[in-house]
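Asker: Prediction below, plus the sequence it came from.
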Amino acid sequence: DSDNPFAINSNRVHQVYEDSFNNLWFAASAGGLNKINLLAKPFGVINRMNNHELPDDYINTIRNDREVLWIGTRNGFSRYDKATGTFRNFLNNRVPGSTTHISVSSIYDAGDGHLWVASRENSIYLLDKQTLSLRRPADGPGRRPWAGREARIWIATFYAGIYIFDKKGHFIRTLDTGNSALPSDKITSLLYDKDEDVMWVSMRDAGVCKLQPDKGQFRVLSHFFFDPQSAESMKVNYAWPLYKDRKGNLWVGTLGGGLHLIHKVNGREVITRYDAWLPESNVETIQEADNGDLWIGGRGLYRFDPGKKTYLHFDVADGLQSNSFKIGAAAKDADGTLYFGGITGISSFNPPQISLNPSPPKMQITRVRIVNYELSEKNPRAILSGPFSSSDKITLKDSENDFTIEFVGLNFHNPRKQRYAYKLE
């Protein structure tokens, strides 16, 4: 397939060879050498290369709905049927090369047969899931809708606080710094905790706070933010994704400060910075796997074990859509499948199927350069050429105390991700 850069580049194959690392090599006429990794990590990709019906590869949001994925892009949104692999698109511009698009930033299922669809510049739409008809409620500059208490819809905005609607689309009120205790009007995300009947609010310039209704108003029960005098505060104030895990802990992603955890110690809520254990400063999405591991999107994907505080990093070389994943574009299926959206589509996978490379590289010393000698035919010991096997010995004189060693690790799975360690005894 000439249009697929991942297909074999010739139909005329003259030789096939499987190496000790479970790679299959094809010698193709006029095509050169091709390789298939038989132990490739099972990351699936949904994008326009695989299906041209997707309106855009830049994914803003994903909402799982049983057999359907609702996908918000920079060019409208799609209803993706997982079983058939087909799309039904809405609000997308079909004119090639056009720069006029409706960028859908969030999709929320209200549980009454309607989806709330938020766009960056064109406000809110309501979609009837039965008839697939769209309508617009009373206008408001919303960005990301979430359900709150009393069956109302809370909408976060970047500059105007929180807008509250009823489920029929009627505007009720605004919460902002002028009429409430909100620390900021620059809201990035909302998370309703039905167990405590509180709303967690993340902000672009004021960290995270917890709101509770009180006689028609809302009071701030707790507020976590950056304090330059305290290492027990947030590392930065730019908070975005919020995720409550199965243990009731609240994970907070920040832009510039990495991962944080809000949890209780001796009955008191505290926040802990996790940048010492996870080296990702921009945490854009968080999902919990069935085994309790956190999968975190940023520059690639991280599998993070909160108990052991260890991680594994995956990137485009492992089969991901790209190394860039976007805020809020993540979802989990009932069977445990995770979906993460980025700038070139969606990566999908089931965490138990992601296995590590079972074959360590075969280490080989290839050359020893003794720097004490000039490079010339008169100094045959200036370069000791290999390869040297593990049983070979290299003996240096006490005067040959300035030398370099060249080596290689042979493994053709993903050689760019190999890391080396050495020691002198």
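Answerer: Received the coordinates, thanks.
Asker: Any regions of the stretch 1-150 of the chain where pLDDT drops low?
Answerer: For the stretch 1-150 of the chain, the stretches flagged by pLDDT under 70 are 1-6, 39-41, 96-99, 122, 138-150.
Asker: For it, which segments are assigned as strands?
Answerer: For the stretch 1-150 of the chain, the strands defined by DSSP state E, counting those that start in this stretch cover 13-18, 23-28, 32-37, 44-46, 59-65, 68-73, 76-81, 86-90, 104-109, 114-119, 124-128, 134-135, 144-147.
Asker: Which strand residues bridge the residue nearest the centre of the chain?
Answerer: For the chain, residue 297 is the residue whose C-alpha lies nearest the centre (Cα atoms, centre = their mean; 1.9 Å). Beta-bridge pairing of residue 297 under DSSP bridges involves residue 285, residue 301.
Asker: where's residue 373 relative to residue 254, distance?
Answerer: As defined by Cβ to Cβ, to the nearest Å, residue 373 lies at a distance of 55 Å from residue 254. Where you see a C-beta, it was placed from the backbone N, CA and C, and this is true even at glycine.
Asker: between those two, who's got more neighbours?
Answerer: residue 254 (27 against 17; other Cβ atoms under 10 Å).
Asker: Please identify the helix or strand for the more buried one.
Answerer: Per DSSP states H and E, residue 254 falls inside strand 250-254.
Asker: per-residue confidence averaged over that strand?
Answerer: Averaging pLDDT along strand 250-254 gives 97.
Asker: Now do that strand: distance to the chain's middle.
Answerer: Strand 250-254 sits 13 Å away from the centroid of its parent chain (Cα atoms, centre = their mean, to the nearest Å).
Asker: list the buried ones in that strand?
Answerer: Neighbour counts over strand 250-254 (16 or more other Cβ atoms under 10 Å) mark 250, 251, 252, 253, 254 as buried.
Asker: And the residues you listed, which is closest to residue 333?
Answerer: Top of the list for closeness to residue 333, among those and by Cβ to Cβ, is residue 251 at 19.9 Å.
Asker: List the contacts of the closest one.
Answerer: Counting by Cβ atoms under 8 Å, 6 or more residues apart in numbering, residue 251 touches 241, 242, 243, 244, 245, 259, 260, 261, 262, 286, 294.
Asker: do residue 302 as well
Answerer: Under the criterion of Cβ under 8 Å, 6+ apart, the contact partners of residue 302 comprise 278, 280, 294, 295, 296, 311, 312, 313, 314.
Asker: among these, which ones are buried?
Answerer: Among these, those classed as buried by 16+ other Cβ under 10 Å are 278, 280, 294, 295, 296, 311, 313, 314.
Asker: So which of those residues are in helices?
Answerer: Among the buried ones among the contacts of residue 302, DSSP state H puts none in helices.
Asker: Then residue 317 would be within a helix, right?
Answerer: Yes. When classified by DSSP: H, G, I helix; E, B strand; the rest coil, residue 317 is found to be part of a helix.
Asker: export the strands of the stretch 1-150 of the chain to CSV and tack on mean neighbour count and distance to residue 399?
Answerer: Listed next are those as CSV, based on neighbours: other Cβ atoms under 10 Å; distance: least, Cβ to Cβ, whole Å:
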stretch, mean neighbour count, distance to residue 399
strand 13-18, 10, 46
strand 23-28, 16, 44
strand 32-37, 13, 45
strand 44-46, 19, 58
strand 59-65, 22, 63
strand 68-73, 24, 68
strand 76-81, 22, 70
strand 86-90, 16, 73
strand 104-109, 24, 69
strand 114-119, 24, 74
strand 124-128, 20, 80
strand 134-135, 12, 83
strand 144-147, 22, 70
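Asker: do you know which of the ones you listed lies nearest residue 397?
Answerer: Here strand 23-28 is closest among the strands of the stretch 1-150 of the chain (Cβ to Cβ), at 41.8 Å.
Asker: so how far is the closest one from its chain's centroid?
Answerer: Mean-position distance between strand 23-28 and its chain equals 32 Å (Cα atoms, centre = their mean).
Asker: Give me the angle between it and strand 13-18.
Answerer: Relative orientation of strand 23-28 versus strand 13-18 (axes from the mean of the first three to the mean of the last three Cα atoms, to 10 degrees): 170 degrees.
Asker: For the closest residue to residue 356 other than its chain neighbours, give me its contacts.
Answerer: In space, residue 356 comes closest to residue 312 once its chain neighbours are excluded; the distance is 7.6 Å by Cβ to Cβ, 6 or more residues apart in numbering. Residue 312 is in contact with 302, 303, 356, counting by Cβ under 8 Å, 6+ apart.
Asker: Make CSV out of those residues and add distance to residue 90 and pLDDT.
Answerer: Listed next are the contacts of residue 312 as CSV, based on distance: Cβ to Cβ, whole Å; pLDDT from 0 to 100:
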residue, distance to residue 90, pLDDT
302, 33, 97
303, 34, 97
356, 41, 75
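Asker: returning to that earlier point: return the member of the buried ones among the contacts of residue 302 nearest to residue 363.
Answerer: In terms of Cβ to Cβ, no member of those lies closer to residue 363 than residue 313, at 22.4 Å.
Asker: Please report how far the closest one lies from residue 321.
Answerer: Taking Cβ to Cβ as the measure, residue 313 falls 16 Å from residue 321.
Asker: Next: residue 261.
Answerer: Using Cβ to Cβ, residue 261 is found at 28 Å from residue 321.
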